[in-house]
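Trainee: can't give you the sequence, but here's the structure:
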Ligand code: C2E
Ligand code: MG
Ligand code: MG
């Protein structure tokens, strides 16, 4: 801290008023250089009380200036202006002179006198003056300290109570001037950037009109700006006891004096949490800031720094908490609220006591056709599609409705409807509102959308649940809306569906089947049954078709029709398909080792072929056991129609690996001759429905099967008839076929476990050709 300037005089000043000039000269001689004598009462009587330390006067002058002396002594109060009355010792002093002791004079000196006595008297009176001055200083200091303490405590409570930095500094400036009578207090801070200017942020006081002058001065390099910067940099308090002393160097000082500012204290605010600054306080009194007051104001500044630091830390924490909250409750891709937000929102709705005034509905929206965009064009395009659809969705609903992205291509909307007409009518009403909004959303989302250079046509399916009719738990309500959406999808998509108990039940079954299927895969609960394929003419077993089975704990063995559609839907077909192919190949190896030279037919699903069917992968599963040429891969007719170019290439690749290829369930699909002739196929399996027709009177079965046979022979395809259940059917098929046609069916044998197949095949191998006509 820099010390306040001192203004104490060096040698005491004595005003001399002696009617006899020779007495004045005598005095001058006796006192010598030790005192500063002022002869006569000149102009400026008013300030005499401060300017001189002692008055030496004789009776004549006292009489003449009696009123003035009394007035000066009164004005000097609480200081003392001592007066020494000089009396000529020749005549006896007037009795009134003694009466004046303690009134207009403090001591009487008879002259002539000795130098020692004169000096002793004068020193005594000057000591009186000094004591009075010290007493006054002490009193003033005390007043200043008490007042500063009061300010300090008022400011402390502001520091504790303020909720924001701006409130803190504004209130603090105001309190400083209100409590302590200062003329101006301001607080400023360095800019956030190192090169940005210092800025005055809060101020108060009757001289606040000085602030614009100061701001203007600080807007460019100036001594004042340098002082502020030094004060903050060195963390040092700076006191200016008399702003006028700075004249004529600073025009700013002139402005300060115009605004009644005489002294200033600049207190650094060195904070840890943000830009540092300074608090500056002005008084209209020079020498106002004594040591004690400076100390208290420094404490005030330290407390202010503490307040600023804790408010800033608090505000940073609040900001971080707000960011964390935003991230936790917002979907990063679309900026929409996320599932967590939705759960809270629904919790609030459900926890509000039912007033019967509002009904709510949840719309669960799932896009049909989004996955292929994402797979084919990449995530960037997929993300942009989702962003644009989110905007469309938001634009389709009212501001009061909540739009949420749950994840992937799933969105939810919560709508509310005011209830007025009684529960039943309102139920109908909210259902009606929800369906109408769902249709609007479907139409809006279905409009063509151009992203990534392509125009996309998406569809949406919407499931609807009502609150609280369809659940009192947020998760359950969302799940039920999902189930209703699934039903909308199952019925063809592009529509809305209201949740009902029936959907929940079927969904429950589906869900438990799904869980059990995954378990079955992990625990290898599946089995392969084998159905013999025989030569129609000789009934010799030439091959087996591997058909998957799922044995249950209760002994029931489930057929693929009950679980394969779900296996395909939940994406288990690839691991299960691989297991089937490998198991069938291993079984064939075992039979070959036992001398049963058979081929093996294995079914391939469309989802094993698309989009990533890999011939080498399939061959890799088989080759450790048998040459792929022993394996007939069966692909349904419709699977072959999926993507002509890709199919052609894949079948060729499978052929190149050595696999035999068969078209399964022929006649049930949409294949054309022209398509088939381009594909690398070896066999054609006539669907069971045609074989069934062969027995029926007046049916066209025979004609149809004959056409299929003709077609197969023109394409050079070997035929296998499926579902032969009677000897008559076998005979008809044999008659119609050319060459060595094959068949399979319950007439010969149903699909059976491996060990049974083995027994049958070995038994058949021992029979003569005549006996071979007899079914198993
Ligand atoms: P599919 O490939 O056409 O297999 C023939 C189906 O007809 C088998 O049904 C078989 O049991 C049945 N069948 C055979 N002879 C007769 C008969 O005389 N009368 C009647 N009514 N049915 C007969 P399954 O085993 O239920 O298989 C049904 C379908 O499931 C198969 O048709 C095949 O498309 C598929 N599938 C079976 N196993 C697998 C597999 O491991 N992978 C794949 N992807 N699909 C499989
Ligand atoms: Mg088959
Ligand atoms: Mg078939």
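Mentor: Here it is on my side, so go on. These numbers come from a predicted model, not from an experiment. Numbering: from 1, shown residues only. Ligands and ions are numbered 1, 2, ... in the order given.
Trainee: is it true that residue 359 lies in a helix?
Mentor: No - if the criterion is DSSP: H, G, I helix; E, B strand; the rest coil, then residue 359 is strand and not within a helix.
Trainee: Dihedrals phi and psi, residue 601?
Mentor: phi -100, psi 130 (degrees, to the nearest 10).
Trainee: In the stretch 401-550 of the chain, mark out all the helices, start to finish.
Mentor: 423-446, 474-490, 501-522 (DSSP state H, counting those that start in this stretch).
Trainee: Name the residues of the longest one that are buried.
Mentor: Using 16 or more other Cβ atoms under 10 Å as the test for burial, helix 423-446 gives 426, 429, 430, 431, 434, 435, 437, 438, 441, 442, 445, 446. Where C-beta positions appear, they are placed from N, C-alpha and C, glycine not excepted.
Trainee: Rank the residues you listed by pLDDT and give me only the lowest.
Mentor: Ranked by pLDDT, the buried residues of helix 423-446 bottom out at residue 426, which has 55.
Trainee: near ligand 1, which residues of the chain?
Mentor: Residues of the chain found near ligand 1 (Cβ under 6 Å from any ligand atom) are 531, 547-548, 559-561, 564, 577, 580, 603-605, 634, 664-665, 688, 722-723, 725, 744-746, 751.
Trainee: let's go with 8 Å and repeat that
Mentor: Within the chain, the positions near ligand 1 by Cβ under 8 Å from any ligand atom are 528-529, 531, 545-549, 559-561, 564, 573, 576-577, 580, 601-605, 608, 634, 636, 664-665, 685, 687-688, 722-725, 744-747, 750-751.
Trainee: closest one to ligand 3 among the helices of the stretch 401-550 of the chain?
Mentor: Minimum separation from ligand 3 across the helices of the stretch 401-550 of the chain (Cβ to the ion) falls at helix 501-522, 22.5 Å.
Trainee: Quick one, grab the pLDDT at the spatially most central residue of the chain.
Mentor: In the chain, the centroid-proximal residue (Cα atoms, centre = their mean) is residue 327; its distance is 2.3 Å. Note for residue 327: predicted pLDDT of 88.
Trainee: which SSE is it in?
Mentor: For residue 327, the host element (DSSP states H and E) is helix 291-329.
Trainee: Likewise for residue 182?
Mentor: Going by DSSP H and E, residue 182 is not part of any helix or strand.
Trainee: ok, it touching residue 173?
Mentor: No - applying Cβ atoms under 8 Å, one finds residue 182 not in contact with residue 173, separated by 9.5 Å.
Trainee: Give the intersection of the neighbour lists for the two.
Mentor: residue 205 (Cβ atoms under 8 Å, 6 or more residues apart in numbering).
Trainee: ok, then the element right after the one helix or strand in the chain whose mean pLDDT sits lowest?
Mentor: Within the chain, confidence by mean pLDDT, DSSP states H and E is lowest for helix 45-51 among all helices and strands, at a mean of 69. Later in the chain than helix 45-51, the nearest helix or strand by DSSP H and E is strand 54-58.
Trainee: what's the next helix or strand after that next one packed up against?
Mentor: Using DSSP H and E, the helix or strand that follows strand 54-58 in sequence is helix 59-76. Applying 3 or more Cβ pairs under 8 Å, 6 or more residues apart in numbering; DSSP states H and E, one finds that helix 59-76 makes contact with strand 13-17, helix 45-51, strand 54-58, strand 83-88.
Trainee: Okay, now the sheet partners of the last one, with direction.
Mentor: So that's strand 83-88. Within its sheet, and counting by DSSP bridges, strand 83-88 is paired with strand 54-58 (parallel), strand 107-111 (parallel).
Trainee: Can you redo the ones you listed as JSON lines, where the extra columns are mean pLDDT?
Mentor: Compiled in JSON lines, the strands paired with strand 83-88 are given as follows (pLDDT from 0 to 100):
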{"stretch": "strand 54-58", "mean pLDDT": "90"}
{"stretch": "strand 107-111", "mean pLDDT": "87"}
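Trainee: Can you classify residue 261 by secondary structure?
Mentor: coil.
Trainee: Please name the nearest non-neighbouring residue to it.
Mentor: Spatial nearest neighbour of residue 261, chain neighbours left out: residue 282 (4.3 Å); criterion: Cβ to Cβ, 6 or more residues apart in numbering.
Trainee: In this structure residue 604 contacts residue 577, no?
Mentor: Yes - counting by Cβ under 8 Å, residue 604 touches residue 577, with 6.8 Å between them.
Trainee: packing partners for the top helix by length along the chain?
Mentor: Longest helix in the chain by number of residues (criterion: DSSP state H): helix 115-161. Based on contacts counted as 3+ Cβ pairs under 8 Å, 6+ apart, the elements that helix 115-161 packs against are helix 21-31, strand 54-58, strand 83-88, strand 107-111, helix 165-180, helix 291-329.
Trainee: Give me the buried positions along the fourth one.
Mentor: Applying a neighbour-count criterion of 16+ other Cβ under 10 Å, one finds 107, 108, 109, 111 buried in strand 107-111.
Trainee: now the longest one
Mentor: By neighbour count on 16+ other Cβ under 10 Å, the buried set for helix 291-329 is 293-294, 296-297, 299-301, 303-305, 307-308, 311-312, 329.
Trainee: Helix or strand next in line after the helix holding residue 327, which one?
Mentor: helix 339-351.
Trainee: Buried ones in that next one, by neighbour count?
Mentor: For helix 339-351, by 16+ other Cβ under 10 Å, it's 339, 341, 342, 343, 345, 346, 349, 350.
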